[in-house]
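**Student:** Dropping the sequence and predicted coords here.
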Amino acid sequence: QEEGGIHRAWRSVVLRDELVLDYAPAGAARIVTRTFRAAAGTTAVPPPCCTSTAAEARSSSTRRPRSLPRELYPSNMAMDIIAAARGYIDRIVSHKALRKESNVGKVLILDAYTTQVVANVYSQTQILENDFYLVEQLGSDHEPMPHLKAAVFVRPTAENVAILSREFADPQFKEYHLFFSNILSLDLLQALAESDEHEVVKQVQEFYGDFIAVNEDLFSLNMGDSLRLSAPSGAFDTTAIFDRTAQGLLSVLLSMKVEPSQIRYQGGSQMAQRLAVEVDKRIQGDGIFHFTRQEGPMLLILDRKCDPVTPLLSQWTYQAMVHELLGLNNNRVVLKGAPGVSKDMEEVVLSSTQDTFFAQQRHANFGDLAGSIKELLDDFQKNKKLNENISSVEDMQSFMERYPAFRSQSHNVSKHVALMSELSRLVNHCSLMDVSQLEQDLACNDEHSAQFKELMNSIRAEHVKSADKLRLAILYSLRYEETANIAQLKRELIDGGVQQHKVDILDVVLRYAGKTQRAPGLYGDRSFMSRMAKNLQTGLNGVENVYTQHQPLMMGTLDAAIKGKLRESAYPAIGPIPGAQPRSIVVFIVGGATYEEGTKVAELNASNPGVQILLGGNTIHNSVSFLEEQGSSDAGARWAWGDPWLEVPSLAGTAP
């Protein structure tokens, strides 16, 4: 009794040394609490899994679980990040405690981040099919709905716990089932327990879906301003960004049910080293990470500043090209403002989990893509003619059975035709064929005199857009930083119509990723024989290689890692290095990955069935987001996102 009233706290053990983890093929989860409640004014003896006081709960909950018995571990681990994320959502929406009851419905409550997590792997229709009548944001204000059970899937933050605590003081729903997307700290768990005065919380679990699944082998944490992590020490307070990065990466490992067999990081990057140390520290401090049956992957932590070239290049594969030119944000593309786009095509969904054609063609190059879309259109035309031939009741019945699929196919064809048309228009409007050829030359070849001449021609050309002039100038400056006349180059940019505050970004990039800041090896071997080999390859494989000859720096690193030849001097390890070659690698790029790197990883996975690689980063960059973050991370440069930067109406508002 407290101040004349009865204070009911959760009487529970948070974690025990025995079995407290619940596993499913799609990913790990932890049952955080098993509640036990006594009637008011009576003394109750808690069951063996529970403690009778909050103090005992706190005491017992400091013990983390040991490893599970071997028989509970799956034997084969497929590193499919979409399957892992989707598996968690499957388990939430079909949980036995949330099964349909007469006169009792269900509501799914999400926060802003978990909304993105769910939306990338689940459609609204799929949620409705599981008898959820409402999906709403955490903290939404409305009349009480005591006829609904609430499944809450949110991040384990102090802000979310505070909102839930207020909700429990005046419950809006019959009962609450809490699923947190990452490890819930003990103090936040205690706060939840103490706020549950009405005893409406039925369960609390950790489901480790604290990331955005983009492709089967690509994930993002959807974090802005992450390039600040590699800024000079003391330039920014990156405590929150760093902690969120570590949490997200650990969530990915838990969702895959793996503990790294080795942790390697990019030498020359203090942030990569710091993150590697922090991840190792948290793994060692929590027994839930100790998966002992199978060999764990290599965790390889890289730094975006060591390869600033890749996010600056034009792209020529479907998914990467859409992101570069239109913006691909949480599987959505905005076409509003593009010439000839109908109203129902102003915003479209481009998801590999909902669109078979996109799943098959997302890594296709621009030339092949046109032929594939034509085949898709031809197939639709055949079905359309079939549906037009209706002459009997049986034909009508058959048409009605086919109509939903036909309508879906019609929308899908229209979507891809609209996207292809807009991409083609922008390629011509922005002269991207010419721009991309020079970009690739600057990224791959060392021919200073000829490249400088071409660069000056591009900067002075009226048909080349300001954004492309700046990208070309930055690529040139990164390669020839020690010999280039940067001051002259900046004057040429201003004369070429690039605004001063945008020209200043060139200096920002050099301070962020110049030669003294990044690890060695960005431009590789500049020898005569190396250039001859590239020229020979271009001649043998055709002209399209001119636009796709660049290989991200990461690919050489992965090749060495797969062969067991990753030099410890260049990629130091936290702890001992196993002698065997890794069969799986989780790569995380501090500051953000790119779709070009995602495509290369997909190709590597396809060509090496014995090795699995999973790539992720703080975000998925295109050139716009990369340069925007450069501006926002420097006090001397003002990057006005609202400016008519790209000078093409349909590209407005494409921040990733």
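**Tutor:** Perfect, thanks for sending it. In this text, all values refer to a predicted model and were calculated from it rather than measured experimentally.
**Student:** list the contacts for N182?
**Tutor:** The contact partners of N182, by C-beta atoms under 8 Å, 6 or more residues apart in numbering, come to R155, P156, E206, Y208, D210, Q247, G248, L250, S251. Where C-beta positions appear, they are placed from N, C-alpha and C, glycine not excepted.
**Student:** Among those residues, which ones are in strands?
**Tutor:** The subset of those located in strands under the criterion DSSP state E comprises E206.
**Student:** residues contacting E216?
**Tutor:** Each residue near E216 by C-beta under 8 Å, 6+ apart is listed here: D80, I81, I82, A83, S352.
**Student:** tell me what the helix or strand harbouring S625 is packed against?
**Tutor:** Of the helices and strands defined by DSSP states H and E, S625 is found in helix 623-632. Using 3 or more C-beta pairs under 8 Å, 6 or more residues apart in numbering; DSSP states H and E as the contact test, the elements touching helix 623-632 are helix 466-479, helix 500-513.
**Student:** Could you list the buried residues of the last one?
**Tutor:** Buried positions in helix 500-513, judged by neighbour count with 16 or more other C-beta atoms under 10 Å: K502, V503, D504, I505, L506, D507, V508, V509, L510, R511, Y512, A513.
**Student:** Check stretch 431-442 too.
**Tutor:** For stretch 431-442, the buried set under the neighbour-count rule, 16+ other C-beta under 10 Å, comprises L432, D434, V435, S436, L438, E439, Q440, D441, L442.
**Student:** and if you look at stretch 364-376?
**Tutor:** With burial defined by 16+ other C-beta under 10 Å, the residues of stretch 364-376 counted as buried are A364, N365, F366, L369, S372, I373, L376.
**Student:** Equivalent analysis for stretch 79-86, please.
**Tutor:** M79, D80, I81, I82, A83, A84, A85, R86.
**Student:** Pick out the most distant pair among those.
**Tutor:** M79 and R86 (14.1 Å; C-beta to C-beta).
**Student:** that older thread, how about JSON lines for the buried residues of stretch 79-86, with distance to K490 and secondary structure added?
**Tutor:** JSON lines is the format used below for these (distance: C-beta to C-beta, whole Å; DSSP: H, G, I helix; E, B strand; the rest coil):
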{"residue": "M79", "distance to K490": "45", "secondary structure": "coil"}
{"residue": "D80", "distance to K490": "47", "secondary structure": "coil"}
{"residue": "I81", "distance to K490": "42", "secondary structure": "helix"}
{"residue": "I82", "distance to K490": "44", "secondary structure": "helix"}
{"residue": "A83", "distance to K490": "49", "secondary structure": "helix"}
{"residue": "A84", "distance to K490": "47", "secondary structure": "helix"}
{"residue": "A85", "distance to K490": "45", "secondary structure": "helix"}
{"residue": "R86", "distance to K490": "49", "secondary structure": "helix"}
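**Student:** which one among those residues gets closest to T310?
**Tutor:** Using C-beta to C-beta, I81 is the member of the buried residues of stretch 79-86 that sits closest to T310, with 20.8 Å.
**Student:** The closest one contacts F211, correct?
**Tutor:** Yes: look at I81 against F211 with C-beta atoms under 8 Å: they come within range, at 7.4 Å.
**Student:** What sits closest to G296 if chain neighbours are left out?
**Tutor:** Across the structure, with C-beta to C-beta, 6 or more residues apart in numbering as the measure, the residue nearest G296 apart from its sequence neighbours is S261 (4.1 Å).
**Student:** now, among the buried residues of stretch 431-442, which is nearest to K305?
**Tutor:** The shortest approach to K305 among these belongs to L442, at 18.3 Å (C-beta to C-beta).
**Student:** and the helix or strand containing the closest one, average pLDDT?
**Tutor:** The secondary structure element spanning L442 is helix 432-444 (assigned by DSSP H and E). Averaging the model's pLDDT scores along helix 432-444 yields 95.
**Student:** do the same with stretch 560-568
**Tutor:** The pLDDT scores in stretch 560-568 average 93.
**Student:** Can I get that stretch in PDB, CA atoms only?
**Tutor:** The C-alpha atoms that make up stretch 560-568 are tabulated as PDB, following Å, rounded to 0.1, in the frame of the first residue of the first chain:
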ATOM      1  CA  ALA A 560      40.200 -10.900 -50.500                       C
ATOM      2  CA  ALA A 561      37.900 -11.800 -47.500                       C
ATOM      3  CA  ILE A 562      36.300 -14.700 -49.400                       C
ATOM      4  CA  LYS A 563      39.700 -16.100 -50.300                       C
ATOM      5  CA  GLY A 564      40.900 -15.700 -46.700                       C
ATOM      6  CA  LYS A 565      43.500 -13.100 -47.800                       C
ATOM      7  CA  LEU A 566      42.300 -10.000 -46.000                       C
ATOM      8  CA  ARG A 567      45.400  -8.300 -44.700                       C
ATOM      9  CA  GLU A 568      45.200  -7.700 -41.000                       C
END
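**Student:** Please report phi then psi for W316.
**Tutor:** phi -130, psi 20 (degrees, to the nearest 10).
**Student:** so it makes contact with L369?
**Tutor:** No: under the criterion of C-beta under 8 Å, W316 is not in contact with L369, lying 9.3 Å apart.
**Student:** The closest residue to H142 other than its chain neighbours - how many residues pack around it?
**Tutor:** The shortest distance from H142 to any residue that is not its chain neighbour, by C-beta to C-beta, 6+ apart, is 7.0 Å, and that residue is Q172. Here the count is done by other C-beta atoms under 10 Å, and Q172 has 20 residues near it.
**Student:** Could I get the contacting residues of Q172?
**Tutor:** H142, E143, P144, M145, A150.
**Student:** Show the buried residues in those residues.
**Tutor:** The neighbour-count test (16+ other C-beta under 10 Å) marks M145, A150 as buried among the contacts of Q172.
**Student:** Lowest-confidence entry in the contacts of Q172?
**Tutor:** Lowest pLDDT within these is found at H142 (86).
**Student:** how far away is that residue from V161?
**Tutor:** 21 Å (C-beta to C-beta, to the nearest Å).
**Student:** so where is the chain shaky, pLDDT-wise?
**Tutor:** Counting by pLDDT under 70, the ranges of the chain that qualify are 1-78, 233-234, 292-293, 383-406, 525-545, 632-656.
**Student:** Report the central residue of it.
**Tutor:** When the chain is reduced to its mean C-alpha position, the nearest residue by C-alpha atoms, centre = their mean turns out to be S220, at 1.5 Å.
**Student:** circling back to that earlier point, so which of the helices and strands packed on helix 623-632 gets nearest S623?
**Tutor:** Of all the helices and strands packed on helix 623-632, helix 466-479 comes closest under C-beta to C-beta, at 5.8 Å.
**Student:** Could I have the CA atoms of that closest one written out in CSV?
**Tutor:** Extracted in CSV, the C-alpha atoms of helix 466-479 (Å, rounded to 0.1, in the frame of the first residue of the first chain):
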residue,chain,number,x,y,z
SER,A,466,24.6,22.3,-62.2
ALA,A,467,24.4,19.1,-60.1
ASP,A,468,26.3,17.1,-62.7
LYS,A,469,28.9,19.8,-63.0
LEU,A,470,29.6,19.7,-59.3
ARG,A,471,29.7,15.9,-59.2
LEU,A,472,32.2,15.9,-62.0
ALA,A,473,34.4,18.5,-60.3
ILE,A,474,34.3,16.6,-57.0
LEU,A,475,35.3,13.3,-58.7
TYR,A,476,38.2,15.2,-60.5
SER,A,477,39.3,16.8,-57.2
LEU,A,478,39.3,13.5,-55.3
ARG,A,479,41.5,11.8,-57.9
